[in-house]
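S.K.: predicted coordinates and the sequence they were generated for:
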Amino acid sequence: MDQEQALRERLAAIATPPSRISMDTVLPAARQRVRRRRAVWAGAGAALTVGALLAVPKVLLSDAGPDNRPALPAATSAPVAHPAACRPRTLPLPDGITDMEAESVDPTGRYIVGNATVKHVFRPVLWTDGVPRLLPAPAESVQVTGVNAAGVVVGLVNDGAGGGSVFRFEDGQYTVLGMPAGNWAPYPGAMINTAGDVLVNAEPATAGENNGKGTIVLLWKAGATTPVRLPLPAGATVDDLADDGTMVGGLYRDGAGVAGYRWDQRGEARKLSAPAGKVTLASASRGDWVTGSVWGQGEAARWNLRTGEFRQFPQRFGPGVAVNDDGWVVTQQGALIRDGAVADLSAGGGGRTAKARALTDDGLVVGSVAVEPEAGRSGSLAFLTASGQTLPQIWQC
Amino acid sequence: MRSDLEREYVDYVAGRLPRLHRAAYLLCADRYQADDIVQATVTALYMNWKSAVRADNLDGFVHRILVRRYLDERRRRWSRVLLGDHLPERPGPADTRVEARDELLTALRALPKGQRAVVVLRYFSDLSVEATAAALGCSVGNVKSQCSRGLAALRAELGAFQESR
């Protein structure tokens, strides 16, 4: 048998894990999407007739077609829309960049970082007081993941081989931070706090999924290039490093969440509360606030460590990924929940969707607006295989 | 969508879901992300079914949407998605054993992403060199070189593809 044919047969024979997708899930989701698009087009038309580019009112985004059965179970305690809207401001793009996402913001709001996509690899961008700068790329892919109030940028570099490394970019210079002996893959991104300490999780760089097994947590003190391995329990994964050096994250076993924790750097742990029979995981903290998720349900959770308050938000917003000192939460789905209500983040209408990503204590929200490929009204299908465009956006809330 | 069109869509998609999921899984090596990619792909197809159904090579076309969604998802940094975002319906050691057993899958995952995508599209999805180039947004020459490097790397890892009997 020829080798190419043998490869075809072996690829076809690979056992894959079961899929959750079936026609039972495909059709309702697709129908709902069509209804939304119709509604968005209707909204865009209305905005044009009054001669202004307005946000599509929330009511238009809900079911507009004759078939208005919800495709997803209705949330029980949905927050209502917040009356005061956030003021959108566009972040200028660096020359030559047409597609990128804003990723993080320092606590003062002066520095914002983002990743441009050029031919499917990341290129880092730093805004200082709103002025963009495309940072040099010393490796094939450079992905920024954090910035602090001194403008020190951290992220991951990958030259296509090995598991990648953590970098620090300061005073115009890249420093690749040393990893422990062995082959480690840092994930999901480097974090930096106001003091300049840098932290990352690292898992053994084996081929394939290992569900974070064997993860270690590494800390580089400000200015250092050699890491210290923190004494956290096996299965601990950190998602945020606070200015006081504490960390929040979760304990995982066999790829499944066990519990959410806040740790100090000596490994002293505080387990976060969870509803009876549920597992919670933490992913970000600021002051007394911690946000995260209820495992397996994809719901955002929020704790106040001083008062002991615990709150859960409806599933459709996804896990909490950022929180500020007023307890506002940004979720994985890009929603901003403030004072228990979803804030209206204008995307500009016309098939655009807004996603928040990070925020400051002053209510500066950093995120992106996704512009879908133009719908095929002329019968051409080229747009279907085209990429949508993503643009960085900030909102003052 | 008109009911006859929708029926046509259901007939087409229902028969291909397992294969689309498999292609997505070979590309991204993550069962949940594979689900997300497939859902996005078939939703896009539904929304444009009336025109899509007239495409010359519908299967090839759908795979192109799939790859585009895969690349888009990757750019959106799905690595950051918390595990808790997904519903682990059937977590279990059984699946892990299945995954670990196939050395081809392991070798495939060790390939750089571009080479992996080319190998999957060419040899699993049966796209031509030209269609693969179109799906990935690169040149035909690039596909050929990625493909030969990918195959060489796989063979270096596995020896011959034909299983010894």
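M.R.: Right, received. Where do you want to start?
S.K.: for the stretch 251-397 of chain A, which spans come out with low pLDDT?
M.R.: A:255, A:315-316, A:372-388 (pLDDT under 70).
S.K.: if you look at the longest helix along chain B, does any of it touch chain A?
M.R.: Taking DSSP state H as the criterion, chain B has its longest helix at helix B:3-28. Yes. For helix B:3-28, a contact with chain A is found by CB under 8 Å from any CB of the partner chain, at B:6, B:10, B:13-14, B:17-18, B:21-22, B:25-26. Backbone N, C-alpha and C define where each C-beta goes, glycine included.
S.K.: between helix B:3-28 and the helix or strand following that helix, find me the angle.
M.R.: Using DSSP states H and E, the helix or strand that follows helix B:3-28 in sequence is helix B:31-47. Per axes from the mean of the first three to the mean of the last three CA atoms, to 10 degrees, the angle that helix B:31-47 makes with helix B:3-28 is 150 degrees.
S.K.: gap between helix B:31-47 and the chain center?
M.R.: Put simply, helix B:31-47 sits 11 Å off its chain's centre (CA atoms, centre = their mean, to the nearest Å).
S.K.: give me the helices and strands touching it, please.
M.R.: Judged by 3 or more CB pairs under 8 Å, 6 or more residues apart in numbering or on different chains; DSSP states H and E, helix B:31-47 is in contact with helix A:23-49, helix B:3-28, helix B:58-75.
S.K.: nearest to A:R306, out of these?
M.R.: A:R306 lies closest to helix B:58-75 among these, at 38.4 Å (CB to CB).
S.K.: tell me the buried residues in stretch A:259-266?
M.R.: A:259-263, A:265 (16 or more other CB atoms under 10 Å in any protein chain shown).
S.K.: partner strands of the strand or helix carrying A:L199 and their direction?
M.R.: Element membership for A:L199 (DSSP H and E) is strand A:198-204. Strands that pair with strand A:198-204, judged by DSSP bridges, come out as strand A:184-192 (antiparallel), strand A:216-220 (antiparallel).
S.K.: hang on, the earlier thing: how about the buried residues of stretch A:259-266, which pair is most distant?
M.R.: Longest span within those, CB to CB: A:A259 and A:Q265, 19.4 Å.
S.K.: correct me, but A:S368 touches A:L93?
M.R.: No. In this structure, A:S368 is not within contact of A:L93 by CB atoms under 8 Å, at 11.8 Å.
S.K.: shared neighbours, those two?
M.R.: Here A:S368 and A:L93 have A:100, A:391-392 as joint contacts, going by CB atoms under 8 Å, 6 or more residues apart in numbering or on different chains.
S.K.: which of these count as buried?
M.R.: Buried among those (16+ other CB under 10 Å): A:100, A:391-392.
S.K.: and for A:R338, the neighbour number?
M.R.: For A:R338, the neighbour count with other CB atoms under 10 Å in any protein chain shown is 21.
S.K.: pretty sure it is touching A:V365, no?
M.R.: No. Using CB under 8 Å, A:R338 is not in contact with A:V365; the gap is 9.4 Å.
S.K.: A:R266 - nearest residue in space that isn't next to it in sequence?
M.R.: Nearest residue to A:R266, sequence neighbours excluded (CB to CB, 6 or more residues apart in numbering or on different chains): A:P231, at 6.7 Å.
S.K.: okay but the one you found is in contact with A:G267, surely?
M.R.: Yes. Counting by CB under 8 Å, A:P231 touches A:G267, with 4.0 Å between them.
S.K.: of the helices and strands packed on helix B:31-47, which is nearest A:G320?
M.R.: helix B:58-75 (21.2 Å).
S.K.: how about the residues of the stretch 201-350 of chain A near chain B?
M.R.: Contact residues (CB under 8 Å from any CB) of the stretch 201-350 of chain A with chain B: A:207-209, A:239, A:250, A:252, A:254-257, A:281, A:283, A:292-298, A:318-319, A:321, A:332.
S.K.: would A:G292 count as being in a strand?
M.R.: Yes. Under the criterion used here (DSSP: H, G, I helix; E, B strand; the rest coil), A:G292 sits inside a strand.
S.K.: thinking again about what came up before, now do the longest helix of chain B, average pLDDT.
M.R.: The pLDDT scores in helix B:3-28 average 89.
S.K.: kindly report the same for stretch B:62-72.
M.R.: Averaging pLDDT along stretch B:62-72 gives 81.
S.K.: what kind of secondary structure is A:V321 in?
M.R.: Per three-state DSSP, the local secondary structure of A:V321 is strand.
S.K.: returning to that earlier point: find the residues that touch each one of A:R338 and A:V365.
M.R.: A:C397.
S.K.: was I right to think A:G214 contacts A:E203?
M.R.: Yes. Between A:G214 and A:E203 there is a contact under CB under 8 Å: 5.9 Å.
S.K.: so between those two, which is more surrounded?
M.R.: A:E203 (18 against 13).
S.K.: separation between the more buried one and chain B?
M.R.: 12 Å (CB to the nearest CB, to the nearest Å).
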